[in-house]
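> Return atomic coordinates for the entry below.
(one chain, ligands or ions: 1)
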Amino acid sequence: MTKRIVVTGGAGYIGSHVCVELLASGRDILIIDNFSNSHPEAIARIEEIGERNVEVLEADLADASQANSIVERVKAFRADGAIHLAGLKAVGESVVQPARYYQTNIGSALTLLQALEAAGAKSLVFSSSATVYGELNDNPVTEEGRTGATNPYGRTKLYIEEILKDVASADGAWGIVNLRYFNPVGAHSSGRIGEDPNDIPNNLFPFIAQVAVGRREKLSIFGNDYPTRDGTGVRDYIHVVDLAKGHVAALDYLDKDNRGAIDVNLGAGKGYSVLESVAAFKRASNRDIPYEIAPRREGDIAEIYADASKAKKLFGWTAEKDIDAMCADHWRWQRENPEGYRS
Ligand code: UD1
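Residues are numbered from 1 along each chain as shown. Okay, the predicted model is just below:
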């Protein structure tokens, strides 16, 4: 049984919610994070919600000089498995600094594999992305869809998936789940943990939330001439707590002695446009959200949403929270922590 779990990137937006659900499932965790895009305060909040202490190793998985001490710590923790979320994730930045993205994301995955091998732990859940599908498939997208990421960030996800498949075919003791996330939004209903972008948010929901709270003047909507129902881009938004529960469901699946490597979509299976999302956030927050129509963002696709039936079939998992809950929870977090963890 995967009782003792290493969570890389556990202080981040998705990682913090995953840690809370792991604690709720009765598991013990070791968070490995370098806090490059996360805040140590998130750890205190995880412990507060989970009413338990967690182990933390502040370290950089991509730094070769730290690999030995990471391996030793994972062994000492007596890990049974891991959830790997650490990595860089800004699409635009990855186009400008591709080598840094490959080195960081792929290097981190390899160090974690080395540590798990040393600990004799052969269960791994990897944080992949729907971005691996590019624009090649009809909606809803199944896991059998064609893959073809359109930028270095997306390719790091795709290449790590491939590496993990090689590892699983070389050694039948490995059980690996590549979770292909659609668009995680929202926050824990306590309002204590949530997304805290370092810089100007790249993604839609954190941007809308900062406009609603008055940190930014207006939203730019990237294009209203897409072939969608209102011309704006359509995405499959999934509540981050549902997403986090999907990780626990994946570990439970591996605990049933399922081995090999599989790809599984985590999405709500429903698409919302940018304008629909703005309207929902407006309802939830009761704040005005001024916007302007701006040119399309390079690399954006018109519409993508998941076929989420594989997760249901294999894990018995489905997303439960609707767009109103996503907006209400995202707003609570933003309102109560207007400057994020620095508030
Ligand atoms: C983006 C990344 C994707 C990554 C995911 C999670 C790009 C091109 N894709 O997905 O690789 O896995 O985040 O981090 O960056 N929008 C606006 N105004 C904004 C921001 C977004 O109109 O200020 C629109 C976009 O055009 C899109 C939708 O909102 O139609 C969602 O955008 P976003 O939240 O950035 O997610 P993705 O682009 O789907």
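> burial count for whichever residue of the chain sits closest to the ligand?
Nearest residue of the chain to the ligand: residue 233, at 2.2 Å (CB to the nearest ligand atom). Heads up, the C-betas are built off the backbone N, CA and C, glycines and all. With neighbours defined by other CB atoms under 10 Å, the count for residue 233 comes to 25.
> and if you look at residue 222?
17.
> for residue 186, same thing?
Residue 186, neighbours per other CB under 10 Å, totals 27.
> Pretty sure it sits against residue 326.
Yes: in this structure, residue 186 is within contact of residue 326 by CB atoms under 8 Å, at 4.0 Å.
> Could you list the low-pLDDT ranges of the stretch 51-200 of the chain?
Within the stretch 51-200 of the chain, not a single segment meets pLDDT under 70.
> Strands of that one, residue ranges please.
Assigned by DSSP state E, counting those that start in this stretch, the strands in the stretch 51-200 of the chain fall at 55-58, 81-84, 123-129, 175-181, 183-185.
> Which one of those strands lies nearest to residue 297?
strand 183-185 (14.4 Å; CB to CB).
> which other helices and strands contact that closest one?
For strand 183-185, the elements it packs on are helix 204-212, strand 237-239, helix 240-255, judged by 3 or more CB pairs under 8 Å, 6 or more residues apart in numbering; DSSP states H and E.
> Which stretch among these is buried most, on average?
The highest average neighbour count among the helices and strands packed on strand 183-185, using mean count of other CB atoms under 10 Å, belongs to strand 237-239 at a mean of 27.
> and the longest helix belonging to the chain, how far from the chain's centre?
Assignment by DSSP state H gives helix 98-119 as the longest helix of the chain. The chain centre lies 17 Å from the centre of helix 98-119; the measure is CA atoms, centre = their mean, to the nearest Å.
> Next, the buried residues of that helix.
Using 16 or more other CB atoms under 10 Å as the test for burial, helix 98-119 gives 101-102, 104-116, 119.
> out of those, what pair is the most spread apart?
So, the buried residues of helix 98-119 by CB to CB: farthest apart are 101 and 119, at 27.2 Å.
> Show me the helices in this structure, by range?
Under DSSP H, the chain gives helices at 13-24, 41-50, 67-77, 91-96, 98-119, 152-170, 204-212, 240-255, 274-285, 309-315, 323-336.
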